[in-house]
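1. the following comprises the amino acid sequence and a computationally predicted model.
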Amino acid sequence: MTKRETGNGKRATWIDTHCHLQLAAEAPGLLLERAAVAGVAWVVAPGTDLATSEASQRLAADHPGIVLATAGLHPHQAESWPAERDALESLAAASVAVGECGLDFYRNLAPREAQVVAFADQVRLAASLGLPVIVHCRDAFEDVHAILGASGWGHRAVLHCWTGGPRWTKRFLELGVTFSFAGPVTFTTGDTVRRGAAVVPMDRVMVETDTPYLTPPPDRHLPNEPANVVSVGRALATVWGVDETVVAAATSVTAARVFQHV
């Protein structure tokens, strides 16, 4: 049995909708080769500042149709928004999404006020370009919900590495967002994430790795890579009580719709 085959003989195709290939220690080409063996058809490589957004564009050029580029400023770098805004806006116009952007009130590596300004501006940028916005949300559910709700662009928001429980998941569902699940749904400590996933319709879900972070067990000590997105999908299959091929098909359809990629 190959890595891409399940017990019923069907072949699963996966999409890793959030992997920072430009931050990985190994060569992106090697990671993509292993991902292809695991059944990953294509990936999204989000930018987190100007340099990584430019690197995302280069990766997309080097791997056409396999790597999709985004441009955005992570909340940790929010104070760079005034200086990098014009260049990021230009890159975003040639990307499939704006982000990774959002709010992180857990680490607070940038002032909250700067985070809010940079995030709200990037949501407006995504709306002006007609692009999805990839959202980082950590300990900031209320503020992210308020900004997306006020923007009217919640239906084009992707909540990356979603870790909310049922209550917040239901509130964000009302905004029309798409939830992207990552390694935490596989962790032994991930009961809250799994309970949140249980209330999401399958057609509102995507899977990701957040490479090189959040590696699923049993390889938590190793850098993450796109091939491991299969473990995330299997965890969701267990939550929903379906075969993993069903999850692969549903999440791949949603990814193609969100990022307008066939």
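-> Cool, the structure landed. All of these numbers come straight from a predicted model, not from anything done at the bench. Numbering: from 1, shown residues only.
2. what about the nearest residue to L21 once chain neighbours are set aside, neighbour count?
-> Spatial nearest neighbour of L21, excluding adjacent residues (Cβ to Cβ, 6 or more residues apart in numbering): P28 at 4.3 Å. Where you see a C-beta, it was placed from the backbone N, CA and C, and this is true even at glycine. A total of 24 residues lie near P28 under the criterion other Cβ atoms under 10 Å.
3. pretty sure P28 contacts R58?
-> No - using Cβ atoms under 8 Å, P28 is not in contact with R58, being 9.7 Å away.
4. where's A118, which helix or strand?
-> helix 112-129 (DSSP states H and E).
5. show me what that helix is packed against.
-> helix 81-92, strand 98-104, strand 133-138, helix 141-151 (3 or more Cβ pairs under 8 Å, 6 or more residues apart in numbering; DSSP states H and E).
6. helix, strand or coil for S180?
-> Secondary structure assignment for S180 (DSSP: H, G, I helix; E, B strand; the rest coil): strand.
7. is it true that it touches V158?
-> Yes - with contact defined as Cβ under 8 Å, S180 reaches V158; the gap is 5.5 Å.
8. relative to E244, which of the helices and strands packed on helix 112-129 is closest?
-> Nearest to E244, of all the helices and strands packed on helix 112-129, is strand 133-138, at 24.5 Å by Cβ to Cβ.
9. hmm, who's touching that closest one?
-> For strand 133-138, contacts defined as Cβ atoms under 8 Å, 6 or more residues apart in numbering pick out 18, 44, 46, 70, 72, 74-75, 97-107, 119, 122-123, 126-127, 144, 148, 153, 156-164, 177.
10. then stretch 48-68?
-> 20-23, 28-29, 32, 41-47, 69-74, 76-77, 80, 84, 87-88, 91, 94-96, 100, 259, 261.
11. re earlier: tell me who's in contact with the residue nearest to L21.
-> L21, Q22, L59, D62, H63, V67.
12. how near is L109 to P46?
-> 18 Å (Cβ to Cβ, to the nearest Å).
13. more neighbours: the two, which one.
-> P46 (32 against 13).
14. got the contact list for the more buried one?
-> Counting by Cβ under 8 Å, 6+ apart, P46 has contacts H18, H20, T52, S56, T70, G72, A97, G99, E100, I134, H160.
15. before we move on, back to that, what do S180 and V158 both touch?
-> T17, M206.
16. T189 sits in which helix or strand?
-> Applying DSSP H and E, one finds T189 in no helix or strand.
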